[in-house]
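Undergrad: after the sequence you'll find the predicted model.
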Amino acid sequence: MTLNRTTKIAAVVAFLAVVFIAVPVAISLSGRFDLYYTLTSVALLSIASAGVWLTFYIGRINIGQGAYALTGGYVSAILVMNHGWSFWLTLPVAGLFCAAASVLIGLPILRLRGVYFAMVTLVLTEVARLLALALPITNGAKGIVSIPLPGALSVFGITLIPDFATLQNSRLAFYLLAATLMVVCFAVMYRLVNSRIGKLCQSLQQNEELASSIGVNIAYLRVIAYAVSSFFGGVSGAIFAAISQSIYPSSFTVTDSVNFMLNCFLGGLGYVFGPMLGTLVLYFGWDLLFQTGQFQLLIYSGLMIVLMLVLPNGLLSLAEMTRKKG
Amino acid sequence: MAEMLEVSGLTKRFGGLVAVNNVSFSVREKEILSVIGPNGAGKSTLFKLISSFLRPTTGEVRLKGERISGLAPHIAARRGVVRTFQETTIFKNMSVRDNVIIAHHLRSKASLFGFFLGTGAAKADEAAFGASADEVLALLGLSSLANETARNLPHGHLRALGIAIGLATNPSILLLDEPFAGMNHDETMRMVEMVRRLRELGLTILLVEHDMPAVMKISDRLVVLNFGQKIAEGTPSEIQANDKVIEAYLGSEDEAIGL
């Protein structure tokens, strides 16, 4: 995509204005405060999906992001509950823990390709759930509940973020937190993809043998991409645990892992902002179809199949098509 | 002339099958050396062993005296042994120019993190790679196709692009895997010229090939394999007169070895 600089800056400013000004204003005017929760979820799910998208970008089908989201949630919850850590500190730690775990898991499994890698990652989600049930530290099926809301974050005595428990509207606070992280996450992704690293990832996706013959350390690059992906999963899981103030083995299941992948497909695997759009459409689409009652899943699946057939490159390919015609 | 690549006692077993059996030879600097042999003679296995895509069972490969066998392929490439592929192996969804630019990766001074941040070193790399890619494309006659998506290229140009990718890594020795396969006479002649030009640039070239007339025309020396063993080594005229070679190609020998 070759947009000029001014258009790009205008698009970014408009997007930020919508996310941080228009949405809160619209919600307070309409009084639909429940939408905060929905949009917060969309923002967080899109972060996890962005991670999945990155593994797609190196040519791997990742159906295991739920495992890292669950792990991130537990790491944050355990550190807050058992060790009295501040939530803000547990956030990066949860991400880094997942990244480290993904390096250990990724080293052997990233050698696999195609459906084999996909199957192993699918199993990972289930393994994470069973571990959460079995390990003493995760408190089994009862999960970890009554996690306190995030406290204040101060640096050198200056309060950057107030204590969420003292806020009248913690839903707005969570929305702003999730939206900020989403913006940061996609800024990082955009930079990754548009730097040489993006080209290197593409070289892996298109031909690993050739990539290694021109001196690309494919094993290293694969693990790095997978670790970044899992970091996003962990961070998003940690915030989910903080919002719902609880985490259970069933908080993230295989269905979630599959949804993260679908978000990427729907938005478009060739577009870095695909997972964001995909998550938004999928999340709201599912909710809208709630009216149809018992046919919800049927209509939803049918629509997904049609979309994949008509738009195999995702929703964002529509924008490109119209630009080419115009 | 100094020796560029030295293959000594190279053996590769796949279970009970000995694909390459105690093969030794060396490639001199700025030489074009071809490895030939009937189907199943072990040429491809030898090729993969030299480019470190396979580990030898015994024996070793040395580049300028340094052992390279047993290293990962990307490390071997960094040391200067770079291969092209038999099939039209390219990054098919990138532009032709991007294919060649990405192949400059080896020369990059900036780290991955540097690229992420867009540091001065990363920007300098980008500019230098772009300029160098244009030179490589011009050399291989691909300039007019630079912005074309690679998968849309016709067959002959794809092969040239494969060589351009190898060339862009700035190798000491370039290994060409059947560069003339599936080409008609004119295309073959053009490719022969191209390979000669590469040698004039100071490259050492080892190629594995079926096309005898082309090989006889282009090579300084040849190594002949049969059933995994080296049966002959020498100049094209020596090879054409060698009884063992004629025997190995029995049935179609006259035509096959260009007599």
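TA: Sure, I can see it. In this text, all values refer to a predicted model and were calculated from it rather than measured experimentally. Numbers count the residues shown, from 1 in each chain, chains lettered A, B, ... in the order given.
Undergrad: contacting residues around residue 63?
TA: Assuming you mean chain A. By CB atoms under 8 Å, 6 or more residues apart in numbering or on different chains, the contact list for A:I63 reads A:118, A:121-122, A:125, A:254, A:257-258, A:260-261. (C-beta placed from N, C-alpha, C; glycine too.)
Undergrad: ah, no, chain B please
TA: Here B:L63 is in contact with B:4-6, B:79-81, B:172-173 (criterion: CB under 8 Å, 6+ apart).
Undergrad: so after the helix or strand hosting A:A43, what's the next helix or strand?
TA: Here A:A43, judged by DSSP states H and E, is contained in helix A:34-57. Remark: after helix A:34-57, the chain's next helix or strand is helix A:65-83, criterion DSSP H and E.
Undergrad: tell me if the very next helix or strand once past that following helix is near chain B.
TA: Next in sequence after helix A:65-83, counting helices and strands by DSSP H and E, comes helix A:87-109. No: Helix A:87-109 lies out of reach of chain B by CB under 8 Å from any CB of the partner chain, never closer than 14.1 Å.
Undergrad: show me what helix A:87-109 is in contact with.
TA: By CB under 8 Å, 6+ apart, the residues outside helix A:87-109 that reach it are A:68, A:71-73, A:75-76, A:79-80, A:85, A:117, A:120-121, A:124, A:148-151, A:153, A:161, A:219, A:222-223, A:226-235, A:237-239, A:242.
Undergrad: where does the stretch 1-150 of chain B have low pLDDT?
TA: For the stretch 1-150 of chain B, the stretches flagged by pLDDT under 70 are B:1, B:87.
Undergrad: the residue in the stretch 101-250 of chain A that chain B sits nearest to: what secondary structure?
TA: Nearest to chain B, among the residues of the stretch 101-250 of chain A, is A:G215, at 3.8 Å (CB to the nearest CB). A:G215 falls in the coil class when you classify it by DSSP: H, G, I helix; E, B strand; the rest coil.
Undergrad: tell me, how many neighbours does residue 21 end up with?
TA: You didn't pick a chain, so chain A it is. For A:I21, the count of nearby residues is 10 (other CB atoms under 10 Å in any protein chain shown).
Undergrad: nope, chain B please
TA: Per other CB under 10 Å, the neighbour tally for B:N21 reads 18.
Undergrad: would it count as being in a strand?
TA: Yes: according to three-state DSSP, B:N21 belongs to a strand.
Undergrad: thought it was touching B:T11?
TA: Yes: assessed by CB atoms under 8 Å, B:N21 is found in contact with B:T11 at 5.8 Å.
Undergrad: show me where the stretch 101-250 of chain B has strands.
TA: Along the stretch 101-250 of chain B, counting by DSSP state E, counting those that start in this stretch, strands occupy B:173-177, B:204-208, B:221-226, B:229-234.
Undergrad: follow-up on the earlier one: most neighbours out of the contacts of B:L63, which is it?
TA: B:V81 (28 neighbours).
Undergrad: dig out what it forms beta bridges with.
TA: Taking DSSP bridges as the rule, B:V81 bridges to B:I173.
Undergrad: got the contact list for residue 129?
TA: Just so you know, I chose chain A. A:70, A:249-250, A:252-253.
Undergrad: actually, chain B is the one I wanted.
TA: By CB under 8 Å, 6+ apart, the residues touching B:F129 are B:101, B:104, B:107-108.
Undergrad: list buried residues within the contacts of A:R129.
TA: Listed as buried from those are A:70, A:249, A:252-253; burial here means 16 or more other CB atoms under 10 Å in any protein chain shown.
Undergrad: can you say which of the contacts of A:I63 are buried?
TA: Among the contacts of A:I63, those scoring as buried are A:118, A:121-122, A:125, A:254, A:257, A:260-261 (criterion: 16+ other CB under 10 Å).
Undergrad: out of those residues, who's nearest A:Q206?
TA: A:A118 (18.3 Å; CB to CB).
Undergrad: I'd say the closest one and A:T55 touch.
TA: No: counting by CB under 8 Å, A:A118 stays clear of A:T55, with 10.2 Å between them.
Undergrad: find the nearest non-adjacent residue to B:A248, please.
TA: B:N226 (4.3 Å; CB to CB, 6 or more residues apart in numbering or on different chains).
Undergrad: how many residues are close by the one you found?
TA: Look at B:N226: counted by other CB under 10 Å, it has 19 neighbours.
Undergrad: contact partners for it?
TA: Going by CB under 8 Å, 6+ apart, B:N226 touches B:37-38, B:41, B:244, B:248.
Undergrad: how close does it sit to chain A?
TA: Distance from B:N226 to chain A, counting by CB to the nearest CB, to the nearest Å: 27 Å.
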